[in-house]
Structures are given as structure tokens and as C-alpha cells.
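>>> Here is my input; please provide its structure:
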Amino acid sequence: MSAAPDLSKKNGVVTLGAARHGLLVEAAAEIAALCLVMHSTLDPACEIDSRAMRGFVARLLDLSNAAISALDDELERTTDIAGRVRIALPETGGDA
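Predicted coordinates for the structure are as follows:
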């Protein structure tokens with residue numbers, strides 16, 4: 001597998017391409033929004049909310065891992081990271 005062309009690390013300097021940088025910003029914004037929703041709407045005493053919390057946590061972990069990959073994984077392609085950040089949902093037409 002060859003290195004991603006839009007991420008390089010040389011002499012202690014990391015350079016990101018615009019697409020990868022945009023994915024990081026998008027992932028971070030979604031993480032922040034999910035955290036706000038969790039904080040304002042979930043009641044841990046409610047069984048349904050506990051299930052929802054598991055879903056939120058799973059998504060936060062996905063986004064966190066995508067951000068880490070975007071920052072530090074020279075072998076993972078930006079399009080693969082985009083597929084993890086921009087999950088395909090029926091209400092979005094199914095496009096990642």
C-alpha cells in the first residue's frame with residue numbers, strides 16, 4: 001500500500017492536504033454536536049436513553065478514529081476516511 005498523497009511527515013512537520021483537513025474539521029464538528037445532544041437530551045436512568053447513549057458513543061469512537069487516521073495514518077486514503085466520516089444514511093440519499 002502506498003502512502004496517502006495528501007499527508008506527509010518530514011523532519012517533525014506534518015502537512016495535510018485540503019481534503020483531509022476538511023474531513024478533520026467535519027469530524028470534529030460532528031463530535032461536538034453529538035456531545036451537545038447527549039448532554040442536553042439523554043437521561044441515563046431511562047433504558048431507551050441508555051441504548052441511545054451506546055449508539056452515540058459508538059459513533060463518537062468512529063469519528064475519533066477517523067480523525068486520528070486523518071492526522072497520523074499515511075497509508076489510509078482520504079476517500080476511505082471520508083467513507084467513515086460521511087456515513088451513508090437513507091435521509092441523505094445514501095451517499096457517503
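
>>> residue contacts, the nearest residue to residue 30 once chain neighbours are set aside?
Take residue 30 and drop its neighbours on the chain: the residue closest to it by C-beta to C-beta, 6 or more residues apart in numbering is residue 63, 5.7 Å away. For the C-beta atoms, the positions are set from N, CA and C on the backbone; glycine is no exception. Residues touching residue 63, when contacts are defined by C-beta atoms under 8 Å, 6 or more residues apart in numbering, comprise 27, 30-31, 34, 84-85.

>>> cutoff 7 Å now
Taking C-beta atoms under 7 Å, 6 or more residues apart in numbering as the criterion, residue 63 is in contact with 27, 30-31, 85.

>>> Per-residue confidence, it, what does it come out as?
Note for residue 63: predicted pLDDT of 90.

>>> on that earlier part again, return the member of the contacts of residue 63 nearest to residue 45.
Each of the contacts of residue 63 was checked against residue 45 using C-beta to C-beta; the closest is residue 31, at 24.9 Å.

>>> Setting the sequence-adjacent residues aside, check what's closest to the closest one.
Distances taken as C-beta to C-beta, 6+ apart put residue 63 closest to residue 31, at 5.0 Å, once the chain neighbours are dropped.

>>> related to what we said a few turns ago, now the contacts of residue 63 as TSV including distance to residue 56?
Conversion of those to TSV gives the following (distance: C-beta to C-beta, whole Å):
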residue	distance to residue 56
27	15
30	11
31	10
85	16
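
>>> Mind picking the two most distant members of those residues?
Of all pairs drawn from the contacts of residue 63, the one with the largest separation by C-beta to C-beta is 31 and 85; the distance is 10.3 Å.

>>> one step back: highest neighbour count among the contacts of residue 63?
Among the contacts of residue 63, residue 27 has the most neighbours (other C-beta atoms under 10 Å), with 24 neighbours.

>>> before we move on, which element is that residue in?
Under the criterion of DSSP states H and E, residue 27 resides in helix 18-41.
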